[in-house]
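In: A structural model of the following input is requested.
(chains A and B)
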Amino acid sequence: MSQRPSATLALALAALSGAGLSQADDDYIVLASTTSTEASGLFDAIIPRFTEKTGISVRVVAVGTGQAFEIARRGDADSLLVHDTDGEETFVAEGYAAERADVMVNDFVIIGPDGDPAGIADAESVAEAMRRIAEVEAPFASRGDDSGTHRAEQRLWEAAGVEPGGAWYRELGSGMGPTLNTAAGMDAYVISDRATWVAFANPQNLTLLFAGDEALFNQYGSLLIDSARHPHLRHDLAQQWHRWLLSAEGQRAIAEFEMKGQPLFFPNALAD
Amino acid sequence: MTTSDNPFTTALALIAGMDPVLLGIVALSLQVSLTAVLIASLLALPLGAALALWRFPGRGVIIVTLNALMGLPPVVAGLTVYLLLSRAGPLGQFGLLFTPTAMVIAQVILILPIIAALTRQQIEELHGEYHDQLRSLGVSRPRMMPTLLWDARFSLLTVVLAGFGRASAEVGAVMIVGGNIDGVTRVMTTAIVLETSKGNLPLALGLGLVLLGLVLLVNAVAHLVGETARRRLG
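Out: As a prediction, the model looks like this:
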């Protein structure tokens, strides 16, 4: 009895996907990644090179890092490319990922209205800059979405000894791009990864005010999902992607990607 | 895709350029939403008619529920379908998450209540008018159903178009279950969200104008077909 409804359902679903809706090619992996890598155009630059070499296409689902972990945990992605080293290591420790490796870095930057009401441009350190924003209670737009950037921002507040809150601190619960759009609309300070900021086309009054502190270092890691828990995963194909990203060829592709004449990601897989 | 600062010229350039990427996105949008409308109509038209014709306990509850579900937030529909189709979910074995099929399923859930609820109302009114006549002819309820549906076909066309409008305009559900994958599940609305997040506002608005034009085209075709049929058949 229990077989029957699921058989009918299988038929119905097969009929649905047979209606020319599914893609024919079977050689693909699903990569859950962050909005910064997608919105900056990095994937458009490097994935075609990988596909040309291996015949494997990469289907990118670009979400916040927190959501990317959740997608992978449920077995809905073959590989991850995210930027939250602590979270990634926990993910490996929990047994969800078979491997984790550093792929590339870029940095976080503090963006703000070009009048710089909190005067952060000449701050000694990022902690100092954050404290100045909190002191004058200048509007600050936080991602508030448990993304890699949001987690980094929370660590920065903690390091600055500030517990942000109040009307000036606005948690938006949005991706990087929408957060920049909103920050531009309300002349707020905002922390962004450099790649999304450089590629962003609607800055209005916003400008880059602070960068360069070591604490703003932003490491991206590739995680190969463990297929023991999810045997349906395209583990072999995902492994080829993971290896290619770390190979000299993949690293070169990342280094060669430029936006507006400026490189946005610096490969560091071969460093160690 | 081309960009300029004016959304209208951007939209025109997009259409004139026949960009293959854009054409793919347009084709997928139409394919997904039209398939969803077809499936939802096949289920919802008989359902709505049956609700109009039969009286049974719990009927009021179903009608109120259907009416309420017309306001189902797309993101909730999307999340539900996501949890069902995810590998860890009850239908995970079919591997449908992040495919156009998943997007069709989510849209069917969104528009089925709209088509069913509005059909119920149309048929109920029509039934009120013809009730005595049909009764005196001894027509049974199962026989009335196709007759009344056929009689109401022109107003039901508008009902179905309302469903299509909802399907082609929504973004919350298809974003979650489709994943906005370039070349696979990217449709007009998710492409608009992506360009907005890149700050490419003129391009995003240009895509919006193309989508509006597309919906206008579908509605115009439906209207023409309806008018022609009305004139032919009197």
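In: secondary structure element holding the residue in the stretch 151-272 of chain A positioned nearest to chain B?
Out: In the stretch 151-272 of chain A, the residue that lies nearest chain B is A:Gly177 (2.7 Å; CB to the nearest CB). In short, each C-beta sits where N, CA and C put it, glycine included. A:Gly177 belongs to helix A:176-186 when elements are defined using DSSP states H and E.
In: quick check: residues of chain B near chain A?
Out: Taking CB under 8 Å from any CB of the partner chain, the part of chain B that reaches chain A is made up of B:31-32, B:35, B:39, B:86-89, B:91-101, B:104-105, B:179-182, B:184, B:194, B:196-201.
In: just the buried ones from those residues?
Out: B:31-32, B:35, B:39, B:86-87, B:89, B:91-92, B:94-101, B:104-105, B:179-182, B:184, B:194, B:196-201 (16 or more other CB atoms under 10 Å in any protein chain shown).
In: quick one: buried residues of the longest helix along chain B?
Out: Scanning chain B for the helix with the most residues, using DSSP state H, yields helix B:100-136. For helix B:100-136, a neighbour-count test (16+ other CB under 10 Å) marks B:100-124, B:126-127, B:130, B:134 as buried.
In: what's the answer for stretch B:33-49, then?
Out: Result for stretch B:33-49 [16+ other CB under 10 Å]: buried residues B:Ser33, B:Thr35, B:Ala36, B:Val37, B:Ile39, B:Ala40, B:Ser41, B:Ala44, B:Leu45, B:Leu47, B:Gly48, B:Ala49.
In: the residues you listed into CSV, with extra columns for pLDDT?
Out: Formatted as CSV, the buried residues of stretch B:33-49 follow (pLDDT from 0 to 100):
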residue, pLDDT
B:Ser33, 97
B:Thr35, 97
B:Ala36, 98
B:Val37, 97
B:Ile39, 98
B:Ala40, 98
B:Ser41, 97
B:Ala44, 98
B:Leu45, 97
B:Leu47, 96
B:Gly48, 97
B:Ala49, 96
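In: which of the residues you listed sits closest to B:Val215?
Out: Distance ranking of the buried residues of stretch B:33-49 against B:Val215, using CB to CB, places B:Ser33 first at 9.2 Å.
In: show me what the host helix or strand of that closest one is packed against.
Out: Applying DSSP H and E as the criterion places B:Ser33 in helix B:20-53. Packing contacts for helix B:20-53, counted by 3 or more CB pairs under 8 Å, 6 or more residues apart in numbering or on different chains; DSSP states H and E, involve helix B:59-69, helix B:100-136, helix B:141-151, helix B:153-169, helix B:188-197, helix B:201-233.
In: quick one: pLDDT of residue 211?
Out: Picking chain A for this. We have a pLDDT of 96 for A:Ala211.
In: wait, I meant chain B there
Out: pLDDT, B:Leu211: 94.
In: who's in contact with the residue lying closest to it once chain neighbours are set aside?
Out: Leaving aside its chain neighbours, B:Leu211 sits nearest to B:Met188 (4.3 Å; criterion: CB to CB, 6 or more residues apart in numbering or on different chains). B:Met188 sits next to B:Ile25, B:Val26, B:Ser29, B:Ser168, B:Leu207, B:Val210, B:Leu211, B:Leu214 when contact means CB atoms under 8 Å, 6 or more residues apart in numbering or on different chains.
In: now the helix holding B:Ser33 against helix B:153-169, angle please.
Out: Orientation check (axes from the mean of the first three to the mean of the last three CA atoms, to 10 degrees): helix B:20-53 against helix B:153-169 gives 140 degrees.
In: ok, now which ones touch the most far-flung residue of chain B relative to its centre?
Out: When distances are taken from the C-alpha mean of chain B, B:Ser136 lies farthest, 37.9 Å away, according to CA atoms, centre = their mean. Applying CB under 8 Å, 6+ apart to B:Ser136 gives no contacts.
In: how close does B:Arg141 get to chain A?
Out: 27 Å (CB to the nearest CB, to the nearest Å).
In: which residues touch the residue nearest to that residue when sequence neighbours are not counted?
Out: Residue nearest to B:Arg141 in three dimensions, not counting chain neighbours: B:Leu53, with 4.9 Å by CB to CB, 6+ apart. By CB under 8 Å, 6+ apart, the contact list for B:Leu53 reads B:Ile123, B:His127, B:Arg141, B:Met144, B:Met145, B:Leu148.
In: from the residues you listed, which has minimum pLDDT?
Out: For these, the least confident entry is B:Arg141, with 86.
In: can I assume A:Leu208 sits in a strand?
Out: Yes. Under DSSP: H, G, I helix; E, B strand; the rest coil, A:Leu208 sits within a strand.
In: so what sits opposite it in the bridge?
Out: A:Ile111 (DSSP bridges).
In: which residues touch it?
Out: Applying CB under 8 Å, 6+ apart, the residues near A:Leu208 are A:Val109, A:Ile110, A:Ile111, A:Trp197.
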